[in-house]
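J.: 3D, please:
(chains A and B)
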2 protein chains.
Amino acid sequence: MSPSASPSPFLDACRRLPVEHVPVWFMRQAGRSLPEYRALREKHPRFSAVIEEPELAAEVTLQPVRRHGVDAAILFSDIMTPVQAIVPGVDIHPGKGPVVDEPFRTKADLDRLRPIEPEADLPYVLEAVRLVRAELPPEVALIGFAGAPFTVASYLVEGGKSNDYRHTKALMYGAPDVWAELAGRLADITLATLRAQVAAGAQAVQLFDSWAGNLSAADYARHVLPFSTRIFEGLADLDVPRIHFGVGTMHLVDQLSAAGADVIGIDWRTPMADARRIVGPDKAVQGNLDPTVLFAPVEVIEERTRAVLADAGPEPGHVFNLGWGVLPDTDADALTRVVDIVHGA
Amino acid sequence: MSPSASPSPFLDACRRLPVEHVPVWFMRQAGRSLPEYRALREKHPRFSAVIEEPELAAEVTLQPVRRHGVDAAILFSDIMTPVQAIVPGVDIHPGKGPVVDEPFRTKADLDRLRPIEPEADLPYVLEAVRLVRAELPPEVALIGFAGAPFTVASYLVEGGKSNDYRHTKALMYGAPDVWAELAGRLADITLATLRAQVAAGAQAVQLFDSWAGNLSAADYARHVLPFSTRIFEGLADLDVPRIHFGVGTMHLVDQLSAAGADVIGIDWRTPMADARRIVGPDKAVQGNLDPTVLFAPVEVIEERTRAVLADAGPEPGHVFNLGWGVLPDTDADALTRVVDIVHGA
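T.: Next up, the predicted model:
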């Protein structure tokens, strides 16, 4: 082991240090795939109530660590939690996702998006971070997260989940100055939120630009990259690994990497060997088992898990994950099996 | 003009012959963006009823030709129409898409998918083709179409529209022999349907593998490419241009091309210049204005339309289109404006 190695294989892999075993965690590991989560949610049906109650958020965050033995916990929260705290009329509906009562479409709407003060606006998030960190053993890292400007803006502008982001992109194309102001404010909100999570105990952060893959490379370069870059630059002094992920970003891996993260999350459609080549030797990669593989027979799960490990290669700097979040109805035992295979490989 | 040029700029461009102007049509040009279509649908609220009544299907097919002056009509139908004709319990619901009452999940389900006899099973489709062809001037081509095996199978296996194709992919991964039999039967159904459309008067065909972009390149190569290739090979003797398209296929353009089509439809996220390079000089390309651009101000529409033309370059073999279907609520005048720009460029 290198003298600089930490107790956490996850943190070491993010820093491209040698590890005893490839670390593994799953996007959306805290959630509907776990019976213990579903039981808790029956008692607390309002989604945001779990996020806003630190004891509950901490419990849900810890559930997959106990059950699967993953190498990292990710805070149970939502990419809309910060704006939900400062913009009235934003809520998260089960099965429907975020809903914004009055969508943001004009310059005047920007007045509704003031700067965030995390200690005052999101005390429950920071308390949940502290509670989780106090419970976790030193070898399990805690990941904080937030939504990137494009993805958060898409909910604010569309008013909810979208298939095509027509209003968001029309704003971007037709009123680029308003778009830039919106994205800039959201970048500042995200940056402040992530810095506060780190101050409270998060040891790594992931920026989710979940829907950025809908943009062409040219639109991403002009309208998104500067704002995500600002966030990563604003975290550079904190010495925590910074992860960057979006689904369907086969054509954007180079730009997700250029934005400045230390670890690039890879969609299941980009082969890990290609991802390694694109991001280069100075960054780690995270991914990328197709989440639908978990619905196949166990032999297939084993074969495909090993294939991801082989594709990522033996060089340091691979964090195993799915290529997108755990799907609802995923069998929790299938996830545990993946952890065992990755740890035993 | 080349001596082999036809009266149709669209057909000439598909064959990479020089054209007086770049031809243009729009995926989903017949549909909800047109007030005259919405008026007709108010009188005929059941979607499939319009498809199954040749006079109505022909009228709807012709509406965008009259209004926009596009260079090609595409038959008003649905990728599920052939299986809807031979499998009980398949219907298309407004706003919801295809619904399959008893999803296909096992080998036994294959018994429900017999070969199609287009003249007996789809007489209304073929009659609509004949009616449209009789109405169209010689310079406007008629495109027939069908769904590719993966995309049609996804509806049959999921039971409807999906975000993740979990059951389809689990079948593919866990029971590859059942998958191959399903995809093979669907390939035969699609091939017979397209051949019958050509016999009835369609002058080009487009194979829609709308959702194939959800697959990794390796899964596409193993589980989809052989079946789509079989379809294109089975059309080779007909001397009609064959078009192949799927959305989100930035990582599959080479394989969509290898399957054997003459024209490769390009998603808005793949630059046309890249597409030209990938498909090579022996195939034409079709695309690829981002459909959300039509929601931006007219100056932006004009600028982005010209940018697509410039990106595709002056070489023969470019059919202008959107990079995916016309979105509902698109302003019909915006589409007409695009046609005028493309024709005047």
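J.: rest of the way, CA atoms for contacts and neighbours
T.: Noted.
J.: So, low pLDDT: which residues of the stretch 151-300 of chain A?
T.: Judged against pLDDT under 70, the stretch 151-300 of chain A has no low-scoring part.
J.: Please list all residues in contact with residue A:289.
T.: Residue A:289 makes contact with A:268, A:304, A:305, A:308, A:321, A:322, A:323, according to Cα atoms under 8 Å, 6 or more residues apart in numbering or on different chains.
J.: Extract the C-alpha trace of stretch A:115-126 and format it as CSV.
T.: Extracted C-alpha coordinates of stretch A:115-126, given in CSV (Å, rounded to 0.1, in the frame of the first residue of the first chain):
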residue,chain,number,x,y,z
PRO,A,115,-28.2,33.0,-3.2
ILE,A,116,-28.3,30.1,-0.8
GLU,A,117,-26.9,30.1,2.8
PRO,A,118,-26.6,26.4,3.5
GLU,A,119,-26.3,26.6,7.3
ALA,A,120,-29.5,28.7,7.4
ASP,A,121,-31.4,27.2,4.4
LEU,A,122,-30.3,23.5,4.6
PRO,A,123,-29.5,22.8,8.2
TYR,A,124,-31.2,19.4,8.0
VAL,A,125,-28.9,18.4,5.1
LEU,A,126,-25.8,19.3,7.0
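J.: Which stretches in the stretch 1-150 of chain A count as strands?
T.: A:72-74, A:90-93, A:97-100, A:141-147 (DSSP state E, counting those that start in this stretch).
J.: What residues does the stretch 151-300 of chain A have near chain B?
T.: A:164-167, A:169-171, A:173-174, A:214-217, A:248, A:250-251, A:268-270, A:292-297, A:300 (Cα under 8 Å from any Cα of the partner chain).
J.: So among those, which ones count as buried?
T.: A:164-167, A:169-171, A:173-174, A:214-217, A:248, A:250-251, A:268-270, A:292-296, A:300 (16 or more other Cα atoms under 10 Å in any protein chain shown).
J.: what's the span of stretch A:77-97, first residue to last?
T.: 13 Å (Cα to Cα, to the nearest Å).
J.: Which residue, other than its chain neighbours, is closest to residue A:141?
T.: Nearest residue to residue A:141 in three dimensions, chain neighbours excluded: residue A:72, at 4.6 Å (Cα to Cα, 6 or more residues apart in numbering or on different chains).
J.: Also residue A:127?
T.: Closest to residue A:127 by Cα to Cα, 6+ apart is residue A:54, at 5.9 Å.
J.: Does the one you found touch residue A:132 like I think?
T.: No: under the criterion of Cα atoms under 8 Å, residue A:54 is not in contact with residue A:132, lying 9.1 Å apart.
J.: Need the residues touching each of these two.
T.: By Cα under 8 Å, 6+ apart, no residue touches both residue A:54 and residue A:132.
J.: Comparing these two, which residue is more hemmed in?
T.: More neighbours surround residue A:132 than the other of residue A:54 and residue A:132, with 26 against 22 (other Cα atoms under 10 Å in any protein chain shown).
J.: ok, now which ones touch the more buried one?
T.: With Cα under 8 Å, 6+ apart, residue A:132 has these contacts: A:58, A:59, A:61, A:62, A:142.
J.: Now neighbour count, pLDDT and distance to residue B:258 too, for those, in TSV please.
T.: Output for those, formatted as TSV (neighbours: other Cα atoms under 10 Å in any protein chain shown; pLDDT from 0 to 100; distance: Cα to Cα, whole Å):
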residue	neighbour count	pLDDT	distance to residue B:258
A:58	26	98	51
A:59	20	98	51
A:61	26	98	46
A:62	23	98	48
A:142	26	98	46
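J.: Show the pLDDT at the closest residue to residue A:59 other than its chain neighbours.
T.: Nearest non-adjacent residue to residue A:59, counting by Cα to Cα, 6+ apart: residue A:132, 7.9 Å away. Model confidence at residue A:132, expressed as pLDDT, equals 98.
J.: still on that earlier bit, among the strands of the stretch 1-150 of chain A, which is the most enclosed?
T.: strand A:72-74 (a mean of 28; mean count of other Cα atoms under 10 Å in any protein chain shown).
J.: That one - what's its average pLDDT?
T.: Averaged across strand A:72-74, pLDDT comes to 98.
J.: Name every sheet partner of that strand and say whether each one runs parallel or antiparallel.
T.: Sheet pairing of strand A:72-74 (DSSP bridges) gives strand A:141-147 (parallel).
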